[in-house]
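Trainee: here are the coordinates; sequence isn't available:
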């Protein structure tokens, strides 16, 4: 006699097998004729990523034919006027790691369906949709738009066979994302508030293991110094670094911040404290920074201190010679380059001293 429990188990097993076979009948194969692709670009510490499929021209008429001009109705789905999917297959997806400004519009961090419209006169439109998991434009819903912006489509002299996204030009705060296909280019300007993002990220990182080292606080303060942002917060970070380990690096960072704040006396005093703690390489590098800023007298003073601290180093005398040479003091430049050569300098230092002495007519 067959028991009811056995019948139920048999039916359940059969349903499970049917389900498995119903959903696993195909192997993974190459995706043609429009293979999937992904391109990313880091801007500051933010990342922009585009995931898309790459159709080919294949001798077809693209604009106005394969890709219709203007907004067009799709055959099913919402059956509303829709933009072009900016690729093939599923939605082209734009991912922003941080909030950005795109064609002048603020856009939160996240993922978006990326669409374009092209008109016969090369005017165009960018559309970002909060729906990014759909297939093409068939379920496009204008109520789900994050933003729209007018763009000018460009003509290109050379045809691009397979649709490609690229980032060019690129600078510290922004990049141009370009869709390139056939002889058309769709440009999109993407900008990040890089300094604000870096400073906010630094505050978070300093709550972790980075905050257990003086180097972490000093690097955050030094970024603010180099970019002249949020010096009030940077001074707090500099103080934290100094409290953990007062040294040339963090003292000189705070000195620079005080200078930005207009405290010239405080900056100068702290820089003297920093110089007293600096090693040969740190003083040498600081001297060259002063030379680059055409602060010749200050640079010479730093180089002199380095020769006093390290009189047996040929490099310190060579650097002092450069300081005098750039200040136009030929006599003292020659004396210090010759002193450098007398100390059996390493090859690169010897070559530099000899080069200057030839230029000064002393060799």
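Mentor: Cool, got the structure. Since the model is a prediction, treat every value here as computed from it, not as a measurement.
Trainee: domain ranges for the protein?
Mentor: 36-192, 195-359 (automatic domain parsing).
Trainee: Let's have those domains in JSON lines, adding distance to residue 30.
Mentor: Every C-beta, even on glycine, is put in place using the N, C-alpha and C of the backbone. Formatted as JSON lines, the domains of the chain follow (distance: least, CB to CB, whole Å):
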{"stretch": "domain 36-192", "distance to residue 30": "10"}
{"stretch": "domain 195-359", "distance to residue 30": "39"}
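Trainee: Now tabulate those in TSV and tack on mean pLDDT.
Mentor: Listed next are the domains of the chain as TSV, based on pLDDT from 0 to 100:
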stretch	mean pLDDT
domain 36-192	95
domain 195-359	97
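Trainee: Tabulate those (CSV), appending mean neighbour count and distance to residue 29.
Mentor: Listed next are these as CSV, based on neighbours: other CB atoms under 10 Å; distance: least, CB to CB, whole Å:
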stretch, mean neighbour count, distance to residue 29
domain 36-192, 17, 12
domain 195-359, 18, 41
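Trainee: tell me the strands in the stretch 101-250 of the chain, going along the chain?
Mentor: With strands called from DSSP state E, counting those that start in this stretch, the stretch 101-250 of the chain shows them at 105-107, 110-118, 123-129, 145-152, 154-170, 174-191.
Trainee: between those, which one is nearest to residue 319?
Mentor: strand 154-170 (35.7 Å; CB to CB).
Trainee: Go ahead and measure how far that closest one is from the middle of the chain.
Mentor: Here strand 154-170 is found 21 Å from its chain centre; the criterion is CA atoms, centre = their mean, to the nearest Å.
Trainee: Tell me which residues are up against it.
Mentor: Applying CB atoms under 8 Å, 6 or more residues apart in numbering, the set of residues contacting strand 154-170 from outside is 37, 39, 41, 43, 48, 50, 52, 54-57, 87-88, 122, 175-187.
Trainee: Residue 73 is nearest to which of the strands of the stretch 101-250 of the chain?
Mentor: strand 110-118 (13.4 Å).
Trainee: Just to check, residue 67 is in contact with residue 117?
Mentor: No - when contacts are counted by CB atoms under 8 Å, residue 67 is not listed as touching residue 117 (9.6 Å).
Trainee: Residue 343: which element?
Mentor: Using DSSP states H and E, residue 343 is not contained in any helix or strand.
Trainee: scratch that, residue 258
Mentor: Here residue 258 is assigned to helix 248-260, by DSSP H and E.
Trainee: Kindly provide the distance from residue 209 to residue 216.
Mentor: Distance, residue 209 to residue 216, using CB to CB, to the nearest Å: 8 Å.
Trainee: mind checking which of the domains of the chain is nearest residue 26?
Mentor: Per CB to CB, nearest to residue 26 of these: domain 36-192, 16.1 Å.
Trainee: looking at this, residue 95 is in a strand?
Mentor: Yes - looking at residue 95 with DSSP: H, G, I helix; E, B strand; the rest coil, it is inside a strand.
Trainee: and the gap between it and residue 190?
Mentor: The spacing between residue 95 and residue 190, counted by CB to CB, is 12 Å.
Trainee: list residues touching both of those two?
Mentor: Common neighbours of residue 95 and residue 190 (CB under 8 Å, 6+ apart) are residue 48.
Trainee: follow-up on the earlier one: for residue 67 and residue 117, list the residues in contact with both.
Mentor: Residues within reach of residue 67 and of residue 117 at once, by CB under 8 Å, 6+ apart, are residue 84.
Trainee: Any idea what the closest residue to residue 103 other than its chain neighbours is bridged to?
Mentor: Sequence neighbours aside, residue 149 is the residue nearest to residue 103 in space, at 3.7 Å (criterion: CB to CB, 6 or more residues apart in numbering). Counting by DSSP bridges, residue 149 forms beta bridges with residue 126.
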